[in-house]
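Peer 1: Compute the structure for the input listed below.
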Amino acid sequence: MTLPVVDPPSDSSAEHRTATVGGVLLAAGTSSRYGEPNKLLESVDGEPMVRRSARTLRDADLDSVTVVLGDDADRVRDALAGLDVEFVENPNYESGQASSVRRAVEHLQNVGRADAAVFALGDMPFVDPASVDALVATFEATGRSALAAGHDGDRGNPVLFAAEHFDALADASGDVGGRSVLLGADDAAIVETGDSGVLRDVDRPDDLA
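Peer 2: As a prediction, the model looks like this:
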């Protein structure tokens, strides 16, 4: 399915923002395609990949950042020591990404403080914080309820969902996370970020070259 491409507002700062938007970093997977090492702990520019991915959310204009842990939870938590993030654990992480999305949504609903959430992936350490801000600013300016970061019209990550989609996200299954919810939203769009990092994930060691 092809989504329309929209440009973010010229001013993506949080100065006039009224919505409460949380960030979620999905960092529970087994990195099975990467090989024996836990790819989230591999070094990217001198720091663990997962820490760099978390800093993207922390450096953006978000109200909170929640990290979903699963495989190798203790070591991933240690890699994020000192960052202002919250942790939740997903005991069902082996069932696929959707279970981590569900766990994050449950947490956001329990704390009751999010009008929307930006879901990012722990194995995408090259996303610019400005791309996250572009998603949030577009949500505020347009009211669109499902937005994916894009580059040259191609859909990537992170993805923003308004709270109206939280129940549907919690019902998703398998390893596709919120993709079906995004593609099923009538007002979904791709936000052009100009950031190639929104398309660059790390599945195998060569992806870090």
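
Peer 1: any residues touching the helix or strand hosting R75, and which ones?
Peer 2: Of the helices and strands defined by DSSP states H and E, R75 is found in helix 73-79. Contacts made with helix 73-79 from outside it, assessed by CB atoms under 8 Å, 6 or more residues apart in numbering, are listed as 27-28, 38, 40-41, 48, 50-51, 67, 69, 87, 89, 122. (Each C-beta comes from the backbone N, C-alpha and C, glycine too.)

Peer 1: Narrow those to just the buried residues.
Peer 2: The neighbour count (16 or more other CB atoms under 10 Å) marks A27, A28, N38, L40, L41, P48, V50, R51, V67, L69, G122 as buried among these.

Peer 1: between those residues, which is nearest A81?
Peer 2: Proximity to A81 was ranked across the buried ones among the contacts of helix 73-79 by CB to CB; first place goes to R51, at 8.9 Å.

Peer 1: ok so, going back, include secondary structure, distance to P158 and pLDDT when you put the buried ones among the contacts of helix 73-79 into TSV, please.
Peer 2: Rendered in TSV, the data for the buried ones among the contacts of helix 73-79 read as follows (DSSP: H, G, I helix; E, B strand; the rest coil; distance: CB to CB, whole Å; pLDDT from 0 to 100):
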residue	secondary structure	distance to P158	pLDDT
A27	strand	13	96
A28	coil	16	93
N38	coil	21	88
L40	helix	16	94
L41	helix	21	94
P48	strand	19	96
V50	helix	15	97
R51	helix	17	98
V67	strand	14	98
L69	strand	18	97
G122	coil	11	96
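
Peer 1: And these, which is closest to A116?
Peer 2: The shortest separation between A116 and any of those is 18.0 Å, and it belongs to V67 (by CB to CB).

Peer 1: can you give me the strands in the chain?
Peer 2: Along the chain, counting by DSSP state E, strands occupy 5-6, 21-27, 43-44, 47-48, 64-69, 86-89, 116-121, 146-151, 154-162, 189-192.

Peer 1: partners of the first one, with directions?
Peer 2: Paired strands of strand 5-6, with direction, are strand 189-192 (parallel) (DSSP bridges).

Peer 1: what does stretch 52-67 contact?
Peer 2: In this structure, residues lying in contact with stretch 52-67 by CB under 8 Å, 6+ apart are 13-14, 17, 20-25, 27, 44-45, 76-77, 80, 83-88, 104, 107-108, 113-114, 118, 120-125, 127-130, 132-133, 136.
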